[in-house]
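Participant: Test case, fold it:
(2 chains)
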Amino acid sequence: MLIEQIMKTHCITIQPTNSIAHAAELMRRHKIRHLPVTNARQELLGLIGLQEMQSASSVFHPETFLKDQQNAVSSIMQRTPITAHPLDFIEDAAVLFYEHRLSCLPIVRGRRLVGLVTETDLLRTFVQLTGALEPSSQIEVRVENTAGTLAKIAGLLAKTNVNILNVLVYPTNDPYVRIVAFRVQTMNPIRVIEKLRKEGFDVVGPDMSR
Amino acid sequence: MKEFAYLYSPEEAAYRFSDSHPFNPIRLELTLSLLEATGALETVDCIVPRRATDEELSLIHDADYIQAVKLAGHGELSPMKAQMYGLGTEDTPLFDQMHESAALLVGGTIEACELVLSGQYRRTFHIGGGLHHGFRGRASGFCIYNDTAVAMAAMIQKYDCRILYVDTDAHHGDGVQWAFYNRADVMTLSLHETGRYLFPGTGMVTERGAEEGYGWSWNVPFDAFTEDASFLQAYRTVLFEACELFKPDLIITQNGADAHALDPLTHLSLTMESYEQIPQIAVEAADRYTDGRIVALGGGGYDWYRVVPRAWSQVFAALTNQSPFHGNLPEEWIQRWQKESPTVPVTWADPVPLYPMIPRRPEIEEKNWETVKRLLWPFIDDSKKEHLSFSSPYSND
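Facilitator: The predicted structure follows:
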């Protein structure tokens, strides 16, 4: 999946000469936590988030608060924010979020801002990837990490005329064992589960002792 | 005003996918014959439902979907197109006259609501209704049309009323929830097993409604192996809280019986104890908040012989002001159905113990109560919060 498939393209932006008070007002009105700072050609100059907003005035000098709020956004913005390209993989973007503890990633093509991805967008995408938003049952199979296992399971499912919405493979504590999780479009997975068990697969379900 | 009527027609048995399909109309026959054997049917009115009109169906469903169901029921829909509408799948295979029989179930539920809101009856029971997975333009989870959603839309149009929908089926009542997700005139309350493994996977506490409907969609997802005490405590608490806040004119209950420990499709561990209490508590809530107005529907339930007839008969008992049936089941009923299945029960209650002890019980109870608290937190004042924290099954240990 590419960034351009999940990024928001209608971004609220601010110009470097605008006041901090204006930035605060924009964030409040649109219920957002970040504002990319751009010039008239939509080129990205910086980024302000809640952290930068807090640095605008000192709590020890409340008397200067109103004056500080009239300073230009450019005085507090991050000048070299980490950015990504619309054709980057979302996996790579996720690593950026993780390694640099980002909460917002401006997407830039040439020098122009073309979109924004926030941690919320990434999370939503992740939920979508698990297939949990469409009516389905989940079947989990504990398998050895060898070639051809997934194909074997998929082949069995194909014979039951049950539509697979989604497949996830995730690791366990044992490096040789993985869990393959299928979301199947049926309310009655019993036949599928029986078929898998008959072929010797270890189907995992709710466990009353764990 | 009369007290009670039930809606039934033998023609409802035509909503039938196949012999091996879990959703089987034999459930209606088993229940009716059990009630007949107890003598409970003699003094009450039975009303034969009519079919819902296309106009009524289109209050919820898309015209092209209704058309597709009609064609499918006459073998005139291509398999490719059928798949697009969720028809001809493992869950909702094609069968002859599928539109006509599905529309009859919808008509039954509309009629059940109409009889109550027009003031002819205080309580009604439509065992054939409760198909809560049906979507606007797609069949899902054994359901073609969403009888409840259609009936609620029709009633609101005619009576401008507020309806509380209470769903105790083990599966999340997703079709009904999404149909009214951004409306303030219907509140949906669904109690079900979590979507970790179970269909449809939705029904989290965080699904609270949208726009004007925000706050009027309530979900209580229970951990697998939840037992009677934990379920009933949560159910009673959220039901009365919902009534208090929403102030409904009518309560509609969906009485799926698949949260029972013996049900093959789900992983909850309720016994008949819950199925005796659930409808009694619903009637109590209706008496207190809606002047007694309540419509009960059927729903899921896939252990046809052991669970469903007893569970639905207990709904009947509650609606006719009786305490739950107890003791032995009628001999003639046992004899008749023993010919069909060796699992036919002989008493109203389940044998004790019905299942092995569940080692995780304290953990499950704690988790479920936390779920209830998370659901109710935004709606209740501090003294109630304190009360809920105090009544936690965990802190009482």
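Participant: Run through the helices of the chain in chain order.
Facilitator: Just going to use chain A. A:3-6, A:20-30, A:50-54, A:65-68, A:90-100, A:119-129, A:149-159, A:190-198 (DSSP state H).
Participant: nope, chain B
Facilitator: Remark: helices assigned in chain B by DSSP H are B:26-38, B:54-57, B:63-72, B:79-84, B:98-117, B:147-159, B:174-179, B:228-246, B:272-289, B:308-319, B:331-338, B:361-376, B:382-390.
Participant: confidence score at the residue nearest to residue B:274 when sequence neighbours are not counted?
Facilitator: Leaving aside its sequence neighbours, residue B:274 sits nearest to residue B:228 (CB to CB, 6 or more residues apart in numbering or on different chains; 4.8 Å). Where you see a C-beta, it was placed from the backbone N, CA and C, and this is true even at glycine. Per-residue pLDDT puts residue B:228 at 97.
Participant: still on that earlier bit, adding mean pLDDT, distance to residue B:192 and mean neighbour count, write the helices of chain A out as TSV.
Facilitator: Formatted as TSV, those follow (pLDDT from 0 to 100; distance: least, CB to CB, whole Å; neighbours: other CB atoms under 10 Å in any protein chain shown):
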stretch	mean pLDDT	distance to residue B:192	mean neighbour count
helix A:3-6	93	30	16
helix A:20-30	95	36	15
helix A:50-54	91	38	15
helix A:65-68	89	51	12
helix A:90-100	91	32	14
helix A:119-129	86	19	14
helix A:149-159	87	25	14
helix A:190-198	92	18	15
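Participant: Any idea how many residues pack against residue B:45?
Facilitator: 15 (other CB atoms under 10 Å in any protein chain shown).
Participant: The residue in the stretch 51-200 of chain B positioned nearest to chain A and residue B:308: what is the separation?
Facilitator: Chain A sits closest to residue B:200 of the stretch 51-200 of chain B, with a gap of 3.3 Å, by CB to the nearest CB. Applying CB to CB, to the nearest Å, the value for residue B:200 to residue B:308 is 21 Å.
Participant: burial count for residue B:205?
Facilitator: Neighbour count of residue B:205, defined by other CB under 10 Å: 17.
Participant: try residue B:312
Facilitator: Residue B:312, neighbours per other CB under 10 Å, totals 27.
Participant: For it, list the residues it contacts.
Facilitator: By CB atoms under 8 Å, 6 or more residues apart in numbering or on different chains, the contact set of residue B:312 is B:27, B:31, B:127, B:255, B:257, B:298, B:301.
Participant: ok so, going back, wait, what's in contact with the residue nearest to residue B:274?
Facilitator: B:270-271, B:273-274.
Participant: Okay, domains of chain A per the record?
Facilitator: A:3-127, A:131-202 (automatic domain parsing).
Participant: Which among those domains is found nearest to chain B?
Facilitator: The closest of the domains of chain A to chain B is domain A:131-202. By CB to the nearest CB, the value is 3.3 Å.
Participant: Please determine whether that closest one lies in contact with chain B.
Facilitator: Yes - counting by CB under 8 Å from any CB of the partner chain, contacts between domain A:131-202 and chain B involve A:131-140, A:160-163, A:183, A:185-190.
Participant: Need the distance between the two termini of that domain.
Facilitator: End-to-end distance of domain A:131-202 (CA to CA, to the nearest Å): 22 Å.
Participant: next one: that domain to chain centre, how far?
Facilitator: Between the centre of domain A:131-202 and the centre of its chain there are 25 Å (CA atoms, centre = their mean, to the nearest Å).
Participant: Grab the most central residue of the chain for me.
Facilitator: No chain specified, so I'll use chain A. Closest residue to the average C-alpha location of chain A: residue A:122 at 0.9 Å, with CA atoms, centre = their mean.
Participant: Oops, wrong one, chain B.
Facilitator: Centre of chain B computed as the mean C-alpha position; nearest residue by CA atoms, centre = their mean is residue B:254, 2.1 Å away.
Participant: In contact with the residue lying farthest from the centre of chain A: list those residues for me.
Facilitator: Distance from the C-alpha centroid of chain A, by CA atoms, centre = their mean, peaks at residue A:63 (40.6 Å). With contacts defined as CB under 8 Å, 6+ apart, residue A:63 has no neighbours.
Participant: pLDDT value on it, please?
Facilitator: 89.
Participant: ok, it to residue A:57 distance?
Facilitator: From residue A:63 to residue A:57 the distance is 10 Å (CB to CB).
Participant: do residue A:203 as well
Facilitator: The value you get for residue A:203 to residue A:57, if CB to CB is used, is 59 Å.
Participant: One more: residue B:147?
Facilitator: For residue B:147, the distance to residue A:57 - CB to CB - is 60 Å.
Participant: out of those two, which sits in the busier spot?
Facilitator: Neighbours were counted for residue B:147 and for residue A:57 using other CB under 10 Å; residue B:147 has more, 34 against 19.
Participant: hang on, that one packs against residue B:106?
Facilitator: Yes - counting by CB atoms under 8 Å, residue B:147 does reach residue B:106; the two are 4.2 Å apart.
Participant: any residues in contact with both of those two?
Facilitator: Common neighbours of residue B:147 and residue B:106 (CB under 8 Å, 6+ apart) are B:52, B:129.
Participant: re the thing from before, can I get the contacts of residue B:312 in CSV including neighbour count and pLDDT?
Facilitator: Formatted as CSV, the contacts of residue B:312 follow (neighbours: other CB atoms under 10 Å in any protein chain shown; pLDDT from 0 to 100):
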residue, neighbour count, pLDDT
B:27, 26, 97
B:31, 24, 98
B:127, 26, 97
B:255, 28, 98
B:257, 32, 98
B:298, 29, 98
B:301, 28, 97
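Participant: between the residues you listed, which is nearest residue B:50?
Facilitator: Nearest to residue B:50, judged by CB to CB, of the contacts of residue B:312 is residue B:127 at 16.3 Å.
Participant: Leaving out chain neighbours, which residue sits closest to that closest one?
Facilitator: residue B:298 is the one closest to residue B:127 (CB to CB, 6+ apart), at 4.4 Å.
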